[in-house]
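> Below is the sequence, then the predicted model.
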Amino acid sequence: MGEEHRQLHSRNSKKEADLSLAQARVRDLDAQLNAKEADLATALNENRSLEKDLQELKDQVVTLKLSLEDTKKHLHSEMLRRVDLENQTKTLQEQMTFEKCLHEDELKETKRVHESRIAEMESGRQREFESKLSDALQGLRKQHEEQIQGYKEDLERTCNAKVENAQLSAKRNSDFANAAREELMETKLRVDILTSQVNQYQNQNAALENRIKELQERLDYDRDLHRRRMAEKEEEMTQVQKQVQAQLEEYEHLLDVKLALDLEINAYRKMLEGEEQRLKLSPSLSSPGTTTQTATSQGRRLLHGRKRKMKTKMRGYSTGLKTVQHASSSGNVSIEEIDTEGKFVRLKNNSEEDQPLHGWVLRRRLGSFSDATYKFPSQFTLQAGQIVTIWGADAGVRPGPSDLIWKSQSWGKGDTLGVTLITEAGEELAERKIMHVPRGEESSEQDECEEEITGSEMELPSRQNEDPSCSIM
């Protein structure tokens, strides 16, 4: 009994040791079970957060779709505005063509050519602008569609991957949960990249809108430039008309001179015929053309002799010349002085106000020379009560700070010199003439001398080296 008691006691101690070991193992298993339940709860919470993120991403996709529709509507409205502006431009062009048709008949051909050129330029620019705008819009549409399709595919892929990863991570170990966290970080990075891309596309849309505004401003600038050029062309046309009118007046003046010269030539022919009859010149047996040339040459010799006699007579009076001046003025500015040597001309402002001389000219008349005109600078203004001196090109003096220089011409000198002040509107405001007249001689004799010498000069233009005391040339 004692031996059995010892055996039972040892066996009982072993069983108690096993029981304590089993209890310790049970406690370990309970701790592991609690840890697994905590991991499962964290995985479920992560799954819920991922579902929330998925819902947020879906909401963002919806907002992006709405913004895309808004941008499309805005683009459509901008296109409608552009079409309205083009219609307005067409109506304005039709009005312009209708008003241009009502102008004078003399300008129809030039304006027709100008309008055709302008229409070609505007049509070319409009086609070019429309083609560029359509290409840009098509490119933007394609880019937006491709980007939206890519966004959809990426979102679907990421969402499916996230759901699968969440389900697997709920079933698997903590290592897979860490992998899910890493994927979540990657998705966050992708979302940030997508938001940055959305911002970039919004910036691109704003840049395109600015580009459209710049193109509209350029179109308005081209229209203003076209209007200014049309105004300049009309001013050029008016100037050309004025030049044509001036040339017509000069042509009429030349016709009058030609008629006077024809009369003088006829008079000299009669004088030649009278000289031939007086000298009883008989025609030779040669041809009629030779006879005419011989008579003409003899008549020229006789006229040349008379011319020399007249010039000798005028030289006798050359030492007693006197200067006669005639001046007239109908405005505030008058011609005060003309230099007898032809070096300068002085003007004076007789009023108490400044007088701008923009567009005014001084016309010089020197004998039978062609008229020359001096045009004042565009910014020149003659002060009240002041005097300005216009020096010729060969004056040989240094002008003052308030003086002017006629660089291309000189005033010249001769028996008759006249200067006329003409305004921008063509009104003759002041005039001054200077003439050298022999003392003791009447003006009729001088006019007769000048008329005869002028006729002889027209009849014999080759004699240019003789004394020009009585000639105009």
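Received, thanks. Source: prediction; values computed, not measured.
> What mean pLDDT does stretch 151-170 get?
The average pLDDT for stretch 151-170 rounds to 75.
> CA atoms only for it, dumped as PDB, please.
Extracted in PDB, the C-alpha atoms of stretch 151-170 (Å, rounded to 0.1, in the frame of the first residue of the first chain):
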ATOM      1  CA  TYR A 151      -8.700  57.500 -66.600                       C
ATOM      2  CA  LYS A 152     -11.600  55.100 -66.700                       C
ATOM      3  CA  GLU A 153      -9.500  52.100 -67.400                       C
ATOM      4  CA  ASP A 154      -6.900  53.100 -64.700                       C
ATOM      5  CA  LEU A 155      -9.700  53.700 -62.100                       C
ATOM      6  CA  GLU A 156     -11.400  50.400 -62.900                       C
ATOM      7  CA  ARG A 157      -8.100  48.500 -62.700                       C
ATOM      8  CA  THR A 158      -7.100  50.200 -59.500                       C
ATOM      9  CA  CYS A 159     -10.600  49.600 -57.900                       C
ATOM     10  CA  ASN A 160     -10.600  45.900 -58.900                       C
ATOM     11  CA  ALA A 161      -7.100  45.500 -57.700                       C
ATOM     12  CA  LYS A 162      -8.000  47.200 -54.400                       C
ATOM     13  CA  VAL A 163     -11.100  45.100 -53.800                       C
ATOM     14  CA  GLU A 164      -9.200  41.900 -54.500                       C
ATOM     15  CA  ASN A 165      -6.300  42.900 -52.400                       C
ATOM     16  CA  ALA A 166      -8.600  43.900 -49.600                       C
ATOM     17  CA  GLN A 167     -10.400  40.500 -49.700                       C
ATOM     18  CA  LEU A 168      -7.100  38.600 -49.900                       C
ATOM     19  CA  SER A 169      -5.600  40.800 -47.100                       C
ATOM     20  CA  ALA A 170      -8.700  39.900 -44.900                       C
END
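> need the helices for this protein, in chain order.
With DSSP state H as the criterion, the chain has helices at 2-100, 108-171, 174-279, 288-316, 443-459.
> among the ones you listed, which is nearest G331?
helix 174-279 (20.7 Å; Cβ to Cβ). In this view, the C-beta of every residue, glycine as well, is placed from N, C-alpha and C.
> Low-confidence regions, the stretch 1-150 of the chain specifically.
For the stretch 1-150 of the chain, the stretches with pLDDT under 70 are 103, 105, 111.
> Identify whichever of the helices of the chain lies nearest to S368.
Short answer: helix 443-459, nearest of the helices of the chain by Cβ to Cβ, at 7.6 Å.
> sorry, back to before: check the helices of the chain for me and report the most buried one.
Greatest average neighbour count among the helices of the chain goes to helix 443-459 (a mean of 16), per mean count of other Cβ atoms under 10 Å.
> Using CSV, lay out the helices of the chain together with distance to I434.
Converted to CSV, the helices of the chain look like this (distance: least, Cβ to Cβ, whole Å):
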stretch, distance to I434
helix 2-100, 50
helix 108-171, 44
helix 174-279, 21
helix 288-316, 19
helix 443-459, 15
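> Quick check: which of those helices is nearest to L347?
Of all those, helix 174-279 sits nearest to L347, with 22.5 Å by Cβ to Cβ.
> what packs against the closest one?
Using 3 or more Cβ pairs under 8 Å, 6 or more residues apart in numbering; DSSP states H and E, the elements in contact with helix 174-279 are helix 2-100, helix 108-171, helix 288-316, helix 443-459.
> Next, the angle helix 108-171 makes with it.
Calculated by axes from the mean of the first three to the mean of the last three Cα atoms, to 10 degrees, helix 174-279 forms an angle of 170 degrees with helix 108-171.
> what angle sits between helix 174-279 and helix 2-100?
Angle of helix 174-279 versus helix 2-100, following the same axes, to 10 degrees, is 10 degrees.
> separation between S13 and E3?
Here the criterion is Cβ to Cβ, to the nearest Å. By it, S13 lies 16 Å from E3.
> related to what we said a few turns ago, any chance of JSON lines for the helices and strands packed on helix 174-279, columns distance to Q325?
Converted to JSON lines, these look like this (distance: least, Cβ to Cβ, whole Å):
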{"stretch": "helix 2-100", "distance to Q325": "52"}
{"stretch": "helix 108-171", "distance to Q325": "46"}
{"stretch": "helix 288-316", "distance to Q325": "21"}
{"stretch": "helix 443-459", "distance to Q325": "15"}
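> So which of those helices is nearest L263?
helix 443-459 (9.6 Å).
> What are the structural domain limits within the chain?
Structural domains annotated on the chain: 26-244, 320-459, as defined by automatic domain parsing.
> can you list those in a markdown table and add distance to V257?
Output for the domains of the chain, formatted as a markdown table (distance: least, Cβ to Cβ, whole Å):
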| stretch | distance to V257 |
| --- | --- |
| domain 26-244 | 20 |
| domain 320-459 | 9 |
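> if I pick the residue nearest to L347 when sequence neighbours are not counted, what's in contact with it?
Distance criterion Cβ to Cβ, 6 or more residues apart in numbering; nearest residue to L347, sequence neighbours excluded, is V388 at 5.3 Å. Applying Cβ atoms under 8 Å, 6 or more residues apart in numbering to V388 gives the contacts R346, L347, L382, S402, D403, L404.
> PyMOL command for the buried members of these?
Filtering the contacts of V388 down to the buried ones (16 or more other Cβ atoms under 10 Å) takes a single PyMOL command:
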select buried, resi 346+347+382+403+404
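> Now, the contacts of V388 that are in strands?
Mapping the contacts of V388 onto strands (DSSP state E) picks out R346, L347, L382, L404.
> Would you confirm that the second one contacts N332?
Put plainly, it is L347. No - L347 lies out of contact with N332 (Cβ atoms under 8 Å); the separation is 10.6 Å.
> Which one, of the helices of the chain, ends up nearest to R364?
Closest among these, once you apply Cβ to Cβ, is helix 174-279, at 14.6 Å.
> For the stretch 301-450 of the chain, which segments are assigned as strands?
321-329, 333-338, 344-349, 355-356, 361-366, 372-375, 381-382, 387-391, 404-405, 416-422, 428-438 (DSSP state E, counting those that start in this stretch).
> I'd like those strands as CSV, with distance to Q202 appended.
Converted to CSV, the strands of the stretch 301-450 of the chain look like this (distance: least, Cβ to Cβ, whole Å):
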stretch, distance to Q202
strand 321-329, 75
strand 333-338, 68
strand 344-349, 67
strand 355-356, 57
strand 361-366, 64
strand 372-375, 61
strand 381-382, 58
strand 387-391, 67
strand 404-405, 65
strand 416-422, 67
strand 428-438, 69
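> For those strands, could you give me JSON lines that also reports mean pLDDT and distance to K171?
Shown next, in JSON lines, are these (pLDDT from 0 to 100; distance: least, Cβ to Cβ, whole Å):
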{"stretch": "strand 321-329", "mean pLDDT": "78", "distance to K171": "117"}
{"stretch": "strand 333-338", "mean pLDDT": "89", "distance to K171": "110"}
{"stretch": "strand 344-349", "mean pLDDT": "89", "distance to K171": "109"}
{"stretch": "strand 355-356", "mean pLDDT": "88", "distance to K171": "99"}
{"stretch": "strand 361-366", "mean pLDDT": "86", "distance to K171": "105"}
{"stretch": "strand 372-375", "mean pLDDT": "86", "distance to K171": "102"}
{"stretch": "strand 381-382", "mean pLDDT": "87", "distance to K171": "100"}
{"stretch": "strand 387-391", "mean pLDDT": "89", "distance to K171": "108"}
{"stretch": "strand 404-405", "mean pLDDT": "86", "distance to K171": "105"}
{"stretch": "strand 416-422", "mean pLDDT": "88", "distance to K171": "108"}
{"stretch": "strand 428-438", "mean pLDDT": "81", "distance to K171": "111"}
